[in-house]
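Chemist: Here you go, sequence then predicted model.
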Amino acid sequence: MYSSKLPLEPNFLLSYLMLLQQNSIGEDVLIASAILEKNMQASIQPLVDLTYDDMLAVNELVRSKACSEIQMIPEVANHLISSGGKRLRPMITLAAARMFGYDGPHHIKLAAAVEFMHTATLLHDDVVDESGRRRGKSTARMIWGNQASVLVGDFLLGQAFKMMVDVGSLTCLDIFSNAAAIIAEGEVMQLAAAKHMETSEQEYLAVINAKTATLFAAAAEVGPVLAGGGDKIRTALFRYGSSLGLAFQLIDDVLDYGGIADNLGKNIGDDFREGKITMPVILSFSRSSKEERLFWRRAMEMGENDNTALATALALMHKYKSLDDTIQRARLSGERAHQALLPLKASPQKDALIKVIDFCMSRFH
């Protein structure tokens, strides 16, 4: 059964329990993880420990660069920056630089720039997606409005690129500027695919590769660039970050239909209610009968997505093993991330980055 923490209405619970009885939906996939936080900490802790001192400097730089004489800017920025989050991307940048012997100060600025780019995309995403909740709190757009969220996101992007320029590496600047352009393209691709049930699996993978995997790849690749690593090392870290990012997003897709609200920082089924076409929906639709496809069109394209409809969607996902198969795709991406690191010499940073893959996959256990 669902966790009692879920903010679900009684009528939905009744409908959902009936569907459980009719379809034997298992707890393992739909709850996703009763021990989610324990698994997260167990597998990410080596990376946290290795980057602890550097992250203190990154966090201080993030706080200082979020300041402005315009009062609304730090208010909006800090609302999201201070709301938690794992800060995986900057930690990956730090570890990737240290892995190859970098001992200068510039990895701090690049890690802070990565975090600002990520925060800016979240502010923009919440406007585009009309999201009301992130990391357990109301989104910035719900408090200050869409315009403020977009403009503060732009401010953070500007600050990110100023820090990149300060580093003085044209190669790192090229990596991040290319990533910023691809991320924006991914947003436009997602907008074009929104509430469009004919979106194919390959089209969706292109969207999440652009929106999510690209920044993970850039965060990993700039580390060896800063350390003077060769092309083979850069390629290995790029492939690691890209594959990890895909796995991370696919697990997020699953957790929206089978996670725990308090751990997700949003309500279960938010993607469904917003009409987001994600991998579990694409797989379910492609395997559905004509009548079931009509349900998906009504729910995702016409907005008939109340809690009873969500229960039906969950039942269809169970029927067609859409969540299980999305998890399997995430596993394959995780394995590609692991394989990318194998040729690199042994180091504590390498071991920690491999454990990040375990962290990603542990989120649904």
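Modeler: Everything's here; your move.
Chemist: ok, now which ones touch residue 279?
Modeler: By C-beta atoms under 8 Å, 6 or more residues apart in numbering, the residues touching residue 279 are 201, 204, 250, 253, 322, 326, 329. Every residue, glycine included, has its C-beta placed from N, CA and C.
Chemist: Check what pLDDT it gets.
Modeler: Here, the pLDDT recorded for residue 279 equals 97.
Chemist: Could you do residue 225 as well?
Modeler: pLDDT, residue 225: 97.
Chemist: what stretches of this protein score poorly on pLDDT?
Modeler: Counting by pLDDT under 70, the ranges of the chain that qualify are 1-42, 84, 135-136, 259-267, 364-365.
Chemist: Do you have the strands of it handy? List them.
Modeler: Along the chain, counting by DSSP state E, strands occupy 133-134, 137-138.
Chemist: Out of these, the one nearest residue 47 is which?
Modeler: With C-beta to C-beta, the closest approach to residue 47 among the strands of the chain belongs to strand 133-134: 23.0 Å.
Chemist: Off-centre distance for that closest one?
Modeler: Its chain's C-alpha centre and that of strand 133-134 lie 13 Å apart, by C-alpha atoms, centre = their mean, to the nearest Å.
Chemist: neighbouring strands for it, and are they parallel or not?
Modeler: Here strand 133-134 has these sheet partners by DSSP bridges: strand 137-138 (antiparallel).
Chemist: Just give me the residue closest to the centre of this protein.
Modeler: Per C-alpha atoms, centre = their mean, the C-alpha nearest to the average position across the chain is that of residue 249, at 5.1 Å.
Chemist: what residues are up against that one?
Modeler: By C-beta under 8 Å, 6+ apart, residue 249 lies in contact with 208, 211-213.
Chemist: Please list all residues in contact with residue 356.
Modeler: Applying C-beta under 8 Å, 6+ apart to residue 356 gives the contacts 43-44, 47, 88, 92, 244.
Chemist: any chance of these in TSV, plus neighbour count and distance to residue 145?
Modeler: Shown next, in TSV, are the contacts of residue 356 (neighbours: other C-beta atoms under 10 Å; distance: C-beta to C-beta, whole Å):
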residue	neighbour count	distance to residue 145
43	20	38
44	20	34
47	25	36
88	22	29
92	30	33
244	30	34
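Chemist: In a markdown table, list the residues you listed along with distance to residue 218.
Modeler: Listed next are the contacts of residue 356 as a markdown table, based on distance: C-beta to C-beta, whole Å:
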| residue | distance to residue 218 |
| --- | --- |
| 43 | 23 |
| 44 | 20 |
| 47 | 18 |
| 88 | 13 |
| 92 | 10 |
| 244 | 12 |
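Chemist: Just the residues contacting stretch 112-119, thanks.
Modeler: Identification of contacts with stretch 112-119 by C-beta under 8 Å, 6+ apart yields 58, 61-62, 65, 77, 80-81, 87, 89-90, 93, 153, 156-157, 159-161, 163-164, 176, 179-180, 183, 215, 218-219, 222.
Chemist: Kindly write the PyMOL command that selects the buried subset of the contacts of residue 279.
Modeler: Buried members of the contacts of residue 279, defined by 16 or more other C-beta atoms under 10 Å, are picked up in PyMOL with:
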select buried, resi 204+250+253+322+326+329
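Chemist: Kindly indicate which of the contacts of residue 279 lies nearest residue 169.
Modeler: Here the nearest of the contacts of residue 279 to residue 169, counting by C-beta to C-beta, is residue 250; it sits at 31.8 Å.
Chemist: number of nearby residues for the nearest residue in space to that closest one that is not next to it in sequence?
Modeler: Computed as C-beta to C-beta, 6 or more residues apart in numbering, the closest residue to residue 250 that is not its neighbour in sequence is residue 330, at 3.8 Å. Look at residue 330: counted by other C-beta atoms under 10 Å, it has 24 neighbours.
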